[in-house]
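1. Can you look at this prediction? I've put the sequence above it.
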Amino acid sequence: MDMPLRDAGRRLRCMALMLAIGTVPAIAAEPYVGLWADDLKDCASKTVPPLTQVEAGAAYWGDFFCPTASFTPDGGSWIVHLECQDPMGGPGSDDSSHDYRFTVLDDTLHWDPIGDGTGSVLQRCPE
């Protein structure tokens, strides 16, 4: 066996061993990803609504499903652009887009609309 193939085989075995014993660090989710509630008592429901679920590329809250979400870091927060659908609106209803600033402090998500209105502060639900 020539040297590059032998070295590649050793690296592969080493990586497999590290994976097997769990020494490869996991890629951490962004701090805004999770299940959030206005009140921690609501966390037991595990459903949206009343909970808000934020994923890396989507968000769900109330009657809204936002299958497209982009998150742009902005200092200690993120500017979030959501493309949403109202599932109660039916065919032809107007879908909407929204822009927010998300700031995570400890286990709270500050969800503030950009431009108008007041935001809300949500509590992270325990896993």
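-> Cool, got the structure.
2. So, low pLDDT: which residues of the chain?
-> Flagging of the chain using pLDDT under 70 yields the residue ranges 1-27, 87-95, 117.
3. how about the helices of it, start to end?
-> Here the chain has its helices, by DSSP state H, at 3-21.
4. for stretch 51-65, which positions count as buried?
-> Residues 51-54, 59-61, 64-65 are the ones in stretch 51-65 that count as buried (16 or more other CB atoms under 10 Å). Just so you know, the C-beta spots here come from the backbone N, C-alpha and C atoms, and that holds for glycine as well.
5. got the end-to-end distance for it?
-> 12 Å (CA to CA, to the nearest Å).
6. And that stretch, how far out from the chain middle?
-> The chain centre lies 9 Å from the centre of stretch 51-65; the measure is CA atoms, centre = their mean, to the nearest Å.
7. before we move on, what about stretch 46-60?
-> 9 Å.
8. Any chance you could list what contacts it?
-> With CB atoms under 8 Å, 6 or more residues apart in numbering as the test, stretch 46-60 has contacts from 29-30, 32-38, 42-43, 45, 61-63, 65-71, 80, 82, 102, 109, 111, 122, 125.
9. I figured R124 hits D38, correct?
-> No: using CB atoms under 8 Å, R124 is not in contact with D38; the gap is 12.0 Å.
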